[in-house]
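[1] just coords:
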């Protein structure tokens, strides 16, 4: 399987043209697979073109629309993560350096999701770049540090 490019913008444009070419409407929206019952598309042998099979399956299922969402790395988001990692008392220099490295991908699309409902279940196709997965890990790390009370005060002090 060939790796995905660092920027999924062209893939997204291809998806839009292919979906519209099949006469299916697009509904802009993200499906949170933790909130609704979902089945994730499992890539086959031709994983790079698997999304086309997904769209064709949606058409065969008679879906009137496909949900579509994408995400690109914005400077403000990355700066916020870098700031939280810099301010973290127990932060890792490696995580901070990794976050700074992500500046290479500013403005690039790192995630695309397609979905359609079938018999009460959302069928989902997702494509993500390796750097997007890395970004998500840093988001979790920075949020974990953001939840720690730095000054040590808390409910135990009120006893």
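    That came through fine. As the structure is a prediction and not an experimental result, all values here were calculated from the model.
[2] hey, where'd the helices end up in the chain?
    Applying DSSP state H to the chain gives helices spanning 9-21, 50-60, 75-87, 93-101, 130-146.
[3] give the rounded mean pLDDT of the longest one.
    By that I understand helix 130-146. Here helix 130-146 scores 86 as its mean pLDDT.
[4] what's the answer for stretch 79-90, then?
    Computed over stretch 79-90, the average pLDDT equals 85.
[5] in the protein, which helix or strand is least confident?
    The weakest-scoring helix or strand in the chain, judged by mean pLDDT, DSSP states H and E, is helix 130-146 (a mean of 86).
[6] and that helix with helix 93-101, angle?
    Interaxial angle, helix 130-146 versus helix 93-101 (axes from the mean of the first three to the mean of the last three C-alpha atoms, to 10 degrees): 130 degrees.
[7] helix 130-146: how far from the chain's middle?
    Remark: helix 130-146 is offset 12 Å from the chain centroid, using C-alpha atoms, centre = their mean, to the nearest Å.
[8] other SSEs contacting it?
    With contacts defined as 3 or more C-beta pairs under 8 Å, 6 or more residues apart in numbering; DSSP states H and E, helix 130-146 has these neighbours: helix 75-87, helix 93-101, strand 109-118. Backbone N, C-alpha and C define where each C-beta goes, glycine included.
[9] quick one: buried residues of that helix?
    By neighbour count with 16 or more other C-beta atoms under 10 Å, helix 130-146 contains the buried residues 131, 132, 134, 135, 138, 141, 142, 145.
[10] report the contact partners of residue 121.
    Contact analysis of residue 121 by C-beta atoms under 8 Å, 6 or more residues apart in numbering lists 37, 38, 39.
[11] again, only using 10 Å
    For residue 121, the contact set (C-beta atoms under 10 Å, 6 or more residues apart in numbering) comprises 36, 37, 38, 39.
[12] for residue 69, same thing?
    Here residue 69 is in contact with 12, 27, 28, 29, 30, 31, 111, 112, 113, 114, 115, 126 (C-beta under 10 Å, 6+ apart).
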